[in-house]
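1. can you look at this prediction? I've put the sequence above it.
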Amino acid sequence: MQKQRPHTKTWKMYAAVYVLSTVTGYLLTSVLLLKCPTLLHRKKRERFYSRHISHRGGAAENLENTMAAFKHAVDLGTDMLELDCHLTKDGQVVVSHDRNLQRATGIDAYISDMAYAELPPYRCKLGVTFEWECFCEGGEDKRIPLLKDVFEAFPQTPVNIDIKVNDDTLIKKVSELVCNYNREHLTVWGNASNQIVKKCFKENPRIPVLFSFPRVLLLLGLFYTGLLPFVPLKEQFLEIPMPTILTKLRDPHSITKSQLFLTWLADSLLMRKALFQHLTARGIQVYIWVLNDEEDFQRAFNLGATGVMTDFPTKLKDFLDQNGLSKPQ
């Protein structure tokens, strides 16, 4: 059997040393920039800072997405209102979560097929989406409001707008309303759809955008491969669920072992303190939704989340006050 030539062994040794030194250098640089991202990226300007975010205005304390809900949350001192928008047949931007009115009003019709004056009022009692077996009974305010009503009533309150459908006219009209009410510095918008977020950014790049679902997946891929510290990000807000809350939205006896495992896996991958700290150091705020008990509030802030979105604004307000978290640190 022929022996390897000395120069072949030497070449392999040099190649191994080169690969090892390159990988080591990459890992060390990645870790350094993960902890100190401003060495490479300019920190984004934080126009507002939100710890307390009222989901649909606080859907467990007032009927969701109503002016009564928004007023209650603002009176409590919420840092941000989260709401959803659709377009009526006569071109009005309304605040409503669902395209179809069946769940919220009992009328099987689409908002886009009705003029604003034809929209029915909300039901007297609505289920709270992110709280198991919880219902909210409303007072006198059951009207579906216009987005401009919210802007006029709360001119200094930041608003998080979920553009619910991929509609160019809706995106354009929301942008026009934001500009008309001088709210580009008090608004963030987007959707889980990457197409919608791209259109929002193209329509008005001065309004900060949320990470879409595909961009969240890309973000995680970059984070776990160590590439994230090297990549520029156009988004200024990461808005993600805490996967473990899914087990609280169903009867515990109906959840299978495979569902529990997938929930645990998603939670382990997504709820990463190092990721949140890196993003906040770059001026990207991290909001976790929709959390409705103190245990989850505490976990979110322990992980380094900027803010929590809740259906119970009073409960979150009390938690923040009791733990000295009402103001940014």
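-> Cool, the structure landed. Numbering: from 1, shown residues only.
2. now residue 246. Nearest residue, chain neighbours left out?
-> residue 263 (5.6 Å; CB to CB, 6 or more residues apart in numbering). From N, CA and C alone the C-beta is placed, and that goes for glycine too.
3. element containing that neighbour, please.
-> helix 257-270 (DSSP states H and E).
4. other SSEs contacting that helix?
-> On a contact count with 3 or more CB pairs under 8 Å, 6 or more residues apart in numbering; DSSP states H and E, helix 257-270 meets helix 213-225.
5. re earlier: just the mean pLDDT for the helix holding residue 263, thanks.
-> Averaging pLDDT along helix 257-270 gives 95.
6. which residues of the stretch 51-200 of the chain fall in strands?
-> 52-55, 80-87, 93-95, 125-127, 135-137, 159-163, 187-190 (DSSP state E, counting those that start in this stretch).
7. could you point out which element follows the helix holding residue 263?
-> helix 273-281.
8. what sits up against that following helix?
-> Contact partners of helix 273-281, identified using CB atoms under 8 Å, 6 or more residues apart in numbering, comprise 34-38, 43, 219-220, 223, 228-229, 238, 285-286, 302-306.
9. what does stretch 236-253 give?
-> 44, 130-132, 160, 188, 190, 208-211, 216, 219, 255, 259-260, 263-264, 266-267, 270-271, 279, 283-292, 296, 299-300, 309.
10. and if you look at stretch 220-233?
-> If you take CB under 8 Å, 6+ apart as the criterion, stretch 220-233 is touched by 26-27, 29-34, 37, 40-41, 219, 269-270, 272, 274-275, 278, 282, 284.
11. filter the residues you listed down to the buried ones, PyMOL style.
-> To isolate the buried ones among the contacts of stretch 220-233 in PyMOL, judged by 16 or more other CB atoms under 10 Å, type:
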select buried, resi 30+33+34+37+41+219+270+272+275+278+282+284
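12. if we can go back for a sec, among the contacts of helix 273-281, name the buried ones.
-> Buried, going by 16+ other CB under 10 Å: 34, 37, 219-220, 223, 228-229, 238, 285-286, 303-306, out of the contacts of helix 273-281.
13. which of those fall within strands?
-> Taking DSSP state E, the ones among the buried ones among the contacts of helix 273-281 that sit in strands are 238, 285-286.
14. in CSV: the residues you listed, plus pLDDT and distance to residue 74.
-> Below are those laid out as CSV (pLDDT from 0 to 100; distance: CB to CB, whole Å):
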residue, pLDDT, distance to residue 74
238, 98, 24
285, 98, 20
286, 98, 23
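15. buried sites along the helix holding residue 263?
-> For helix 257-270, by 16+ other CB under 10 Å, it's 263, 267, 270.
16. quick one: work out the angle between that helix and helix 213-225.
-> 70 degrees (axes from the mean of the first three to the mean of the last three CA atoms, to 10 degrees).
17. then helix 257-270 to CSV, C-alphas only?
-> Listed next in CSV are the C-alpha coordinates belonging to helix 257-270 (Å, rounded to 0.1, in the frame of the first residue of the first chain):
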residue,chain,number,x,y,z
LYS,A,257,-48.8,14.8,23.6
SER,A,258,-47.8,15.7,20.1
GLN,A,259,-49.4,19.2,20.4
LEU,A,260,-47.7,19.7,23.7
PHE,A,261,-44.4,18.8,22.2
LEU,A,262,-44.8,21.1,19.2
THR,A,263,-45.9,23.9,21.5
TRP,A,264,-42.8,23.3,23.7
LEU,A,265,-40.6,23.3,20.6
ALA,A,266,-42.0,26.5,19.1
ASP,A,267,-41.7,28.2,22.5
SER,A,268,-38.1,27.1,23.0
LEU,A,269,-37.1,28.4,19.5
LEU,A,270,-39.0,31.7,19.7
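18. what angle sits between that helix and helix 273-281?
-> Using the same axes, to 10 degrees: helix 257-270 against helix 273-281 is 40 degrees.
19. so what touches helix 257-270?
-> Contacts of helix 257-270 (CB under 8 Å, 6+ apart): 220, 224, 240, 242-244, 246-247.
20. if I look at the residue nearest to residue 246, how far off is residue 108?
-> According to CB to CB, to the nearest Å, residue 263 and residue 108 sit 33 Å apart.
21. do residue 136 as well
-> 22 Å.
22. those two: who's more crowded?
-> Legend: neighbour count by other CB atoms under 10 Å for residue 136 and residue 108, higher for residue 136 (19 against 9).
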